[in-house]
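A.B. asks: Sequence and predicted structure below; questions after.
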Amino acid sequence: MNTSQAYRDEARGRGIPEHAIDLALGLARPQIELVPSAADGGVPAGRYGGLPCLPAGVEWDGGLDLVATVDCAALPADGGGLPLPRDGHLLFFADRTDPDGLALMEDSRSVVHVSAGAPTAERPLPGGPYVLPALDPHPLYARSVPSMPMSVDDAVLSDPETARLYREHRLDEYDHRMPPWEGTLLLGGYAYSPQDPPIMDSSPQDEKGGWVLLA
């Protein structure tokens with residue numbers, strides 16, 4: 001789904017009542033898609049993969065792979081609903097040997113902000129038997145899209161009537177966003193399967209209630 005109107009048209013075509021459609025669209029959050037194509041109005045906003053350009057003093061041992069380098073100044077003004085820096089670059093790192101992302105839960109190195117104008121140098125890939133090759137680089141183009149919650153999101157489950165309408169009318173079935181394919185990054189909005197919402201399966205003790213999805 002690229003627009004709220006596309007969601008409304010799809011749901012209407014399936015006979016969903018207007019009040020249920022309005023409820024679902026009222027839960028939409030802004031999200032930034034960073035994709036390999038400039039189609040649908042995307043603007044150049046960074047690079048997927050490659051090697052990181054980092055200031056002196058910022059360590060990188062190759063243990064985390066560079067996923068993307070994002071130009072903050074090129075992102076849509078709504079910032080995906082997040083208080084992102086307005087300039088400089090955000091570098092996103094991940095561990096490709098840890099598909100569930102558990103190792104990054106407490107790792108502050110997963111996102112690095114490099115201030116605008118800061119001197120940087122491209123870091124070579126360290127040697128070693130456990131260092132994977134860098135991801136093949138390609139440009140990323142940013143555009144703002146509405147993000148709809150899944151039926152397991154807290155935005156739905158926190159209200160019994162909302163949860164009932166979502167179940168009754170299957171309101172998470174009319175959002176036809178393409179699943180994030182390799183080389184794509186989503187900023188803000190709701191989690192998109194197979195990425196679970198931040199508070200899913202959490203307890204009051206782990207303080208995830210204030211968490212939001214960055215990427």
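C.D. replies: Perfect, thanks for sending it.

A.B. asks: Could you tell me which strands sit next to the strand ranked longest in the chain in the sheet, and their orientation?
C.D. replies: The longest strand of the chain (DSSP state E) is strand 138-147. In the sheet, strand 138-147 lines up against strand 29-35 (antiparallel), strand 43-48 (antiparallel) (DSSP bridges).

A.B. asks: among those, which is the most enclosed?
C.D. replies: Of all those, strand 29-35 carries the top mean neighbour count, a mean of 23, counting by mean count of other CB atoms under 10 Å. Where C-beta positions appear, they are placed from N, C-alpha and C, glycine not excepted.

A.B. asks: what's the model's confidence in that one, averaged?
C.D. replies: Mean pLDDT, strand 29-35: 89.

A.B. asks: Check stretch 73-80 too.
C.D. replies: Rounded mean pLDDT across stretch 73-80 is 85.

A.B. asks: Now do that stretch: distance from first to last residue.
C.D. replies: 13 Å (CA to CA, to the nearest Å).

A.B. asks: just to revisit the earlier point, quick one: the strands paired with strand 138-147 as JSON lines, columns for distance to M150 too.
C.D. replies: Listed next are the strands paired with strand 138-147 as JSON lines, based on distance: least, CB to CB, whole Å:
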{"stretch": "strand 29-35", "distance to M150": "12"}
{"stretch": "strand 43-48", "distance to M150": "25"}
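
A.B. asks: remind me which residues of the chain are low pLDDT?
C.D. replies: Along the chain, the model assigns pLDDT under 70 to residues 1-2, 98-109, 176-183, 192-215.

A.B. asks: thinking again about what came up before, so which of the strands paired with strand 138-147 gets nearest R8?
C.D. replies: R8 lies closest, by CB to CB, to one member of these: strand 29-35, at 16.7 Å.

A.B. asks: Walking through the chain, point out its strands one by one.
C.D. replies: 29-35, 43-48, 53-54, 65-71, 89-94, 111-114, 121-122, 138-147, 185-188.

A.B. asks: Just want the angle from the first one to strand 89-94.
C.D. replies: This points to strand 29-35. Orientation note: strand 29-35 sits at an angle of 80 degrees relative to strand 89-94 (axes from the mean of the first three to the mean of the last three CA atoms, to 10 degrees).

A.B. asks: Would you mind writing the CA trace of strand 29-35 as PDB?
C.D. replies: What follows is strand 29-35, C-alpha atoms only, in PDB (Å, rounded to 0.1, in the frame of the first residue of the first chain):
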ATOM      1  CA  ARG A  29       1.900   6.000  11.300                       C
ATOM      2  CA  PRO A  30       4.400   7.600   8.900                       C
ATOM      3  CA  GLN A  31       7.200   5.400   7.700                       C
ATOM      4  CA  ILE A  32      10.200   5.900   5.400                       C
ATOM      5  CA  GLU A  33      10.900   3.300   2.800                       C
ATOM      6  CA  LEU A  34      14.500   3.200   1.600                       C
ATOM      7  CA  VAL A  35      14.500   1.100  -1.600                       C
END
